[in-house]
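# When you get a sec, could you give me coordinates for this:
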Amino acid sequence: MQTISEQLGNIFQLLSVEDNEADAGILKLFFAESTSPIQFRNLPDVTTALDYLHRRKGYESATRPDLILLDLNLPRNDGRDLLREVKAKVELKSIPVIVLSTSNSEKDVYECYELGAAAFISKPLDLAGFEAIVRSIESFWVAIARLPTHKGTTKGTAFLS
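Numbers count the residues shown, from 1 in each chain. Coordinates of the predicted model:
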């Protein structure tokens, strides 16, 4: 019988940082329809996401995400702050971050790639567009891309301290 950690190791861990409940709900719905085993978690702001990623303030047993979907326009702190922190920390910098934003600004695109984003996607205006994005993420990041394991642990089961 597998432990919870072993079971979670076979499940793609996806962390979304999105304050818009409708957008987060749409993403959750489409990822739930995935044919791949995906654990989707949404957090509403940078502060909560950092607590989760650093396993503090109620998130001590948090599972390390395999991929982060990040909105830029978040309350209090900007999504760039989270991207900057993730890419500056040895224990987090190998996690791919996809920026999913309403912005179409070339300045935002450039800045996010400079900060280490794996991709920048402008949010679509309709459900079909959201579904296409989710299926593309599932197809590439879950089914094709090989993600690193972390200090000998099974993918997605632990953080470095």
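
# Against residue 136, how distant is residue 26?
With distances defined as Cβ to Cβ, to the nearest Å, the gap from residue 26 to residue 136 amounts to 15 Å. Any C-beta I mention is one placed from the backbone N, CA and C, and that applies to glycine too.

# who's more crowded, these two?
Each of residue 26 and residue 136 had its neighbours counted (other Cβ atoms under 10 Å), and the higher figure belongs to residue 26 (19 against 12).

# Tell me the pLDDT of the more buried one.
We have a pLDDT of 95 for residue 26.

# wait, doesn't residue 80 sit right on residue 72?
Yes: shown here, residue 80 and residue 72 form a contact pair, counting by Cβ atoms under 8 Å, at 6.5 Å.

# what's the residue nearest the centre of the chain sitting at in phi/psi?
In the chain, the C-alpha closest to the average C-alpha coordinate belongs to residue 68, at a distance of 1.4 Å (Cα atoms, centre = their mean). Taking degrees, to the nearest 10, you get phi -120, psi 130 for the backbone angles of residue 68.

# what do residue 80 and residue 72 both touch?
Contact with both residue 80 and residue 72 is made by residues residue 112, according to Cβ atoms under 8 Å, 6 or more residues apart in numbering.

# isn't the residue nearest to the centre of the chain right up against residue 18?
No: in terms of Cβ under 8 Å, residue 68 does not count as a neighbour of residue 18; the distance is 10.7 Å.

# tell me the SS of residue 42?
strand (DSSP: H, G, I helix; E, B strand; the rest coil).

# separation between it and residue 114?
Residue 42 sits 26 Å away from residue 114 when distances are taken as Cβ to Cβ.

# Is residue 116 in a helix, a strand, or coil?
coil.

# Give me the nearest residue to it, chain neighbours excluded.
Here the nearest residue to residue 116 in space, its sequence neighbours aside, is residue 87; by Cβ to Cβ, 6 or more residues apart in numbering that works out to 3.7 Å.

# Now do the helix or strand the one you found falls within, average pLDDT.
Applying DSSP states H and E as the criterion places residue 87 in helix 79-88. In this model, helix 79-88 has an average pLDDT of 96.

# What is the distance between it and the centre of its chain?
On the basis of Cα atoms, centre = their mean, to the nearest Å, helix 79-88 sits 12 Å off its chain's mean C-alpha point.
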